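# Please find the sequence and the predicted model below.
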Amino acid sequence: MNDNNRTTKDEENINFGFKKVTKEEKRSLVDDVFSNVAGKYDLMNDLMSFGVHRAWKDEFCQMIPNLDSNIIDVAGGTGDISFRIKARAKKQNKNPHIVICDINHDMLKICQSKAINKNILSNLDLIVADAEKLPFANNSFDYYTIAFGIRNMLSIEKSLKEAHRVLKPTGKFLCLEFSRVQNELIKPLYDFYSFNVIPNIGKYITNNESAYQYLSESISLFPDQEDFKTKIQQAGFVDVDYKNLTFGVSAIHYGYKI
């Protein structure tokens with residue numbers, strides 16, 4: 001293989017954790033990860049974060065002021081974000097229409113079972129869809145939410161542009177994602193926990209150490225707060241900002257479509 005061909009091939013490959021794979025391979029590998037852990041996904045979130053993810057998600061959902069609105073929850077998985085929004089809305093006698101999108105069938109099956117158990121049967125649609133090619137018209141939604149999903153996309157940039165496309169003018173984009181720890185004293189402890197403890201929890205709870213090794217690697221490769229803010233702005237959003245949660249372990253980024 002000559003140098004030009006090698007360069008072209010390297011440019012076509014993308015990260016699956018620390019490994020370089022083709023886009024087709026990453027799509028399949030990510031799908032396998034979530035299919036394999038779907039049944040224990042919610043439990044693992046509690047164990048890995050000591051339950052702190054619940055507070056992060058509560059704060060995230062509080063950033064949706066209008067609960068009589070059309071909301072798309074992308075990479076909605078088992079429905080954690082959507083069910084929180086529905087619970088808040090019910091307390092205010094509101095009833096938003098929420099579309100939960102995920103590319104993984106197994107995660108949505110768990111979501112569907114939870115919706116039935118919670119008796120949430122109206123104004124809730126579950127759609128198998130790719131975040132980079134959403135099957136909705138331009139200007140369809142008031143809010144676009146995505147929690148702990150965008151780092152798994154083949155292209156963050158394409159996913160952000162799709163978010164911008166399907167939002168109505170004045171619509172709000174909200175993204176909750178693992179980010180870069182801001183405290184230099186805490187960072188080494190967090191890195192040790194992320195790369196050594198989390199995969200072992202995954203090994204014993206889900207019998208899938210590699211899935212949670214990928215989780216830790218994908219977090220470390222995700223853009224930091226300022227770089228991700230820039231990507232959101234480049235997708236066309238304005239008034240983009242973020243708030244750090246738990247020293248920057250995670251962050252909420254938000255912006256608006258004009």
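Good, I have the coordinates. Numbers count the residues shown, from 1 in each chain.
# Kindly export stretch 70-82 (C-alpha atoms) in CSV.
Output of stretch 70-82 as CSV, limited to C-alpha atoms (Å, rounded to 0.1, in the frame of the first residue of the first chain):
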residue,chain,number,x,y,z
ASN,A,70,-43.0,18.9,21.2
ILE,A,71,-39.8,17.2,22.4
ILE,A,72,-37.4,14.8,20.7
ASP,A,73,-35.2,12.7,23.0
VAL,A,74,-32.4,11.3,20.8
ALA,A,75,-30.4,8.3,21.9
GLY,A,76,-33.3,8.1,24.4
GLY,A,77,-32.4,4.5,25.4
THR,A,78,-34.4,3.2,28.3
GLY,A,79,-36.3,6.4,28.6
ASP,A,80,-34.7,7.9,31.7
ILE,A,81,-34.9,11.5,30.4
SER,A,82,-38.3,11.3,28.8
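# now that stretch: mean pLDDT?
Computed over stretch 70-82, the mean pLDDT rounds to 97.
# and the spatially closest residue to residue 36 that is not a sequence neighbour, how many neighbours does it have?
Distances taken as C-beta to C-beta, 6 or more residues apart in numbering place residue 208 nearest to residue 36, at 5.2 Å, with adjacent residues excluded. C-beta: built from backbone N, CA, C; applies to glycine. Counted with other C-beta atoms under 10 Å, residues neighbouring residue 208 total 18.
# and what of the one 5 residues further on?
The local packing of residue 213 (other C-beta under 10 Å) involves 19 other residues.
# hang on, it packs against residue 16?
No: at 11.0 Å, residue 213 and residue 16 do not qualify as touching, with contact defined as C-beta atoms under 8 Å.
# so what secondary structure elements neighbour whichever strand or helix holds residue 215?
Using DSSP states H and E, residue 215 sits in helix 209-221. If you count contacts as 3 or more C-beta pairs under 8 Å, 6 or more residues apart in numbering; DSSP states H and E, helix 209-221 packs onto strand 14-16, helix 23-37, helix 198-206.
# Check what contacts that helix and list those residues.
Outside helix 209-221, the residues that touch it by C-beta atoms under 8 Å, 6 or more residues apart in numbering are 15-18, 29, 33, 36-37, 44, 48, 151-152, 178, 191, 194-195, 198-203, 206.
# which residues touch residue 115?
79, 83, 121, 124, 126.
# list the contacts for the second one?
So the one you mean is residue 83. Here residue 83 is in contact with 114-115, 118, 120 (C-beta under 8 Å, 6+ apart).
# from these, which ones fall inside helices?
Of the contacts of residue 83, the ones assigned to helices by DSSP state H are 114-115.
# Can you verify my assumption that the residue nearest to residue 36 contacts residue 38?
No: between residue 208 and residue 38 there is no contact under C-beta under 8 Å: 10.9 Å.
# Show me the residue sitting in the middle of this protein in space.
The centre of the chain sits closest to residue 149, judged by C-alpha atoms, centre = their mean, with a distance of 2.0 Å.
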